[in-house]
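J.: could you work out the structure for the sequence below:
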Amino acid sequence: MSLAEFREAFSCWLQSALADYKTRWLAAIDGKTCRQGLAADGSPVQMLNVFLQHLKLALDEWSIGSDKTK
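T.: This next block holds a predicted model:
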């Protein structure tokens, strides 16, 4: 299974799992600098994370490179 296929399957599962809740869920988006994980050029990796705080569930994360303006 590819990462894209996994993300699609996870998204479908999450939508069905949350369908029974009567609450609206808000996703938080947070950027972090991962100083322990370095890019190929030795610079710190910039990560963007999306999560549901009430469920303590990370939805996704990805590297945004060194350009925080994207």
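J.: which residues pair with residue 32 across the strands?
T.: On DSSP bridges, the residues paired with residue 32 through beta bridges are residue 47.
J.: list the contacts for it?
T.: 46-47, 49 (C-beta atoms under 8 Å, 6 or more residues apart in numbering). In this view, the C-beta of every residue, glycine as well, is placed from N, C-alpha and C.
J.: which of these are buried, as a ChimeraX select command?
T.: To isolate in ChimeraX the members of the contacts of residue 32 that are buried, counting by 16 or more other C-beta atoms under 10 Å, one can use:
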select :46
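J.: between the contacts of residue 32, which is nearest residue 6?
T.: Ranked by distance to residue 6 (C-beta to C-beta), the contacts of residue 32 are led by residue 49 at 17.2 Å.
J.: which strand or helix spans residue 14?
T.: Following DSSP states H and E, one finds residue 14 within helix 3-18.
J.: correction: the previous question concerned residue 35.
T.: Per DSSP H and E, residue 35 falls inside strand 28-38.
J.: can you give me how far that strand is from the chain middle?
T.: Using C-alpha atoms, centre = their mean, to the nearest Å, we find the averaged C-alpha position of strand 28-38 to lie 11 Å away from the chain's own average C-alpha position.
J.: can you pull the buried residues of that strand?
T.: By neighbour count, with 16+ other C-beta under 10 Å as the criterion, strand 28-38 contains no buried position.
J.: cool, and stretch 19-29?
T.: Residues of stretch 19-29 classed as buried under the neighbour-count rule (16+ other C-beta under 10 Å) do not occur.
J.: tell me where the model's unsure across the protein.
T.: For the chain, the stretches with pLDDT under 70 are 65-70.
J.: redo that, cut-off 80
T.: Screening the chain residue by residue with the criterion pLDDT under 80, one finds the ranges 17-26, 34-39, 62-63, 65-70.
J.: beta partners for the residue positioned nearest the centre of it?
T.: The residue at the geometric middle of the chain, judged as the C-alpha nearest the mean C-alpha position with C-alpha atoms, centre = their mean, is residue 60 (2.1 Å). Assessed by DSSP bridges, residue 60 has beta-bridge partners residue 50.
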